[in-house]
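Colleague: model this:
(one chain, ligands or ions: 1)
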Amino acid sequence: MISSKLPNVGTTIFTTMSQLAAQVGAINLSQGFPDFDGPQALRDAVAYHVANGHNQYPPMTGLPALREQVGHKLARFYGVTVDTEREITITPGATQAIFCAIQAVIRPGDEVIVFDPTYDSYEPSVALAGGRCVHVPLAPATFAIDWQRLSDAIGPRTRMIMLNSPHNPSGAVFSGADLDQLAALIGERDIYVVSDEVYEHLIYDGVAHASVLACEALYRRAFVVSSFGKTYHVTGWKTGYVVAPPALTAELRKVHQFVSFCGVTPIQWALADFMAAHPEHLDELPGFYQAKRDLFCDLLQGSRFRFTRTPGTYFQLVDYAQIRPDLNDVDMSLWMTKEHGVACIPVSVFYNEPVREQRLVRLCFAKREETLREAAAKLCAI
Ligand SMILES: Cc1ncc(COP(=O)(O)O)c(C=O)c1O
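Modeller: Numbers count the residues shown, from 1 in each chain. Coordinates of the predicted model:
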């Protein structure tokens, strides 16, 4: 018998729901990926670089041209200057960056604070490093940080705090004041921060993303992670980056070089070309997704679901208490998928201890207009 290092890990709900959606022919609003392609010029650029000899290993740290483009972007959006040689690392996806950051600094017995609901990759990554997650629930309705609970959770073993803003699954966004308050709470304690900012450009209603990069007191102890997959509608390319002060970057790279060594060469070339030629993509992204959010939410006004428009990410939470209060959210998601043809994700799976009375499911609106209209019509009929 194998003694599993991750005994509590099975097939994720995302795989399960996507498989079920395909099986029963439901519209898949469960897993977080677009049903449309990334920009044509970006896809053409990959083909060009594959055809033109960019197919061998790139530098372990990432292609210099791409790191430079990321550096320009960080200056433009967050007003920071980072050393692109010593502070930026390109990784095969944000997930791998997060994994490497955790392996780089967490030792057996260390505690890592995660806010519930929380993205599913954090806990197994901490467990593999020998650490333990301490779950601090966000406020039930607003998904804001409960500062008292956070303060109570910090102890002598706390070695890391995981942040995620804009937040999956709730869409909540942290403000600059939240980051300052966190920095004050950490003070001089020996605590690292991983800031998962993969939805940094999916933020709406004119609000600017508060990046940990722009908060000096946090950045000196932080790994800030993002994903080209989310930003350029190419989640299957699994390409991301991590920005961290030189000493932390050096430790992260010791792990990264033996997990994957590097990212995919032609994709890095293509992203570098596209970022240089089309900086406007980033400026247009909030408007692009806000239009989808608003279309979807306007259509859902005619349903019996209750919701407040999400301030960030491409996920909309909806409350189904008026429809099937008798069902827990896993059963509700199965019922919606099988009986009503729309697949979603139950929010309880993001919790260590689900909130018993909560009746929320997550819908992904990174979809073509016709998909959203068709899904909304089905949701309005429930
Ligand atoms: C909060 C969060 N972090 C990380 C990721 C993964 O990003 P990547 O595909 O670049 O590994 C996702 C993807 O859904 C996510 O929602």
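Colleague: how close does Cys364 get to Ser121?
Modeller: Using C-beta to C-beta, to the nearest Å, we find Cys364 at a distance of 17 Å from Ser121. From N, CA and C alone the C-beta is placed, and that goes for glycine too.
Colleague: who has more neighbours, those two?
Modeller: Ranked by neighbour count (other C-beta atoms under 10 Å), Cys364 and Ser121 place Cys364 first, with 23 against 17.
Colleague: got the residues of the protein near the ligand?
Modeller: 32, 93-95, 119, 164, 168, 196, 198, 227, 229, 235, 238, 240 (C-beta under 6 Å from any ligand atom).
Colleague: and the furthest pair within these?
Modeller: Asn164 and Lys238 (18.3 Å; C-beta to C-beta).
Colleague: neighbour-wise, which of those two wins?
Modeller: Each of Asn164 and Lys238 has its neighbours counted (other C-beta under 10 Å); Asn164 has more, 25 against 19.
Colleague: which residues are in contact with the residue nearest to the more buried one when sequence neighbours are not counted?
Modeller: Counting by C-beta to C-beta, 6 or more residues apart in numbering, Asp196 is the residue found nearest to Asn164 once chain neighbours are left out, at 4.2 Å. Each residue near Asp196 by C-beta atoms under 8 Å, 6 or more residues apart in numbering is listed here: 94, 98, 119, 162-164, 225.
Colleague: in contact with the one residue in the stretch 251-382 of the chain that gets nearest to the ligand, which residues are there?
Modeller: Nearest to the ligand, among the residues of the stretch 251-382 of the chain, is Thr313, at 7.6 Å (C-beta to the nearest ligand atom). Neighbour list for Thr313: 166-169, 171, 199, 202 [criterion: C-beta under 8 Å, 6+ apart].
Colleague: which parts of the protein belong to which domain?
Modeller: Following automatic domain parsing, the chain resolves into domains at 13-31+285-380, 41-277.
Colleague: so can I have CSV of those domains showing mean pLDDT and distance to Met1?
Modeller: Shown next, in CSV, are these (pLDDT from 0 to 100; distance: least, C-beta to C-beta, whole Å):
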stretch, mean pLDDT, distance to Met1
domain 13-31+285-380, 96, 25
domain 41-277, 98, 19
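Colleague: of all those, which one is nearest Ser4?
Modeller: With respect to Ser4, and counting by C-beta to C-beta, the nearest of the domains of the chain is domain 41-277 at 10.5 Å.
Colleague: between the two ends of the closest one, how far is it?
Modeller: 10 Å (C-alpha to C-alpha, to the nearest Å).
Colleague: can you count the residues close to the residue of the stretch 1-150 of the chain found nearest the ligand?
Modeller: In the stretch 1-150 of the chain, the residue that lies nearest the ligand is Gly93 (3.0 Å; C-beta to the nearest ligand atom). Neighbours of Gly93 under the rule other C-beta under 10 Å: 22.
Colleague: go on, Thr95?
Modeller: The burial count for Thr95: 21, using other C-beta under 10 Å.
Colleague: pretty sure it sits in a strand.
Modeller: No. Thr95 is assigned helix when assessed by DSSP: H, G, I helix; E, B strand; the rest coil, not a strand.
Colleague: list the contacts of it.
Modeller: Residues in contact with Thr95 (C-beta under 8 Å, 6+ apart) are 121, 238, 240.
Colleague: between those, which sits nearest Gly130?
Modeller: Ser121 (16.9 Å).
Colleague: who touches the closest one in this structure?
Modeller: 95, 98-99.
Colleague: again, 10 Å this time
Modeller: 12, 93-96, 98-99, 102, 196 (C-beta atoms under 10 Å, 6 or more residues apart in numbering).
Colleague: neighbours around the residue of the stretch 101-250 of the chain at minimum distance from the ligand, how many?
Modeller: As assessed by C-beta to the nearest ligand atom, the ligand sits closest to Ser227 within the stretch 101-250 of the chain, at 3.2 Å. The number of residues packed near Ser227 is 24, by other C-beta under 10 Å.
Colleague: just to check, it is in contact with Tyr241?
Modeller: Yes. At 8.2 Å, Ser227 counts as touching Tyr241 under the criterion of C-beta atoms under 10 Å.
Colleague: list residues touching both of the two?
Modeller: Common neighbours of Ser227 and Tyr241 (C-beta under 10 Å, 6+ apart) are 91, 93-94, 97.
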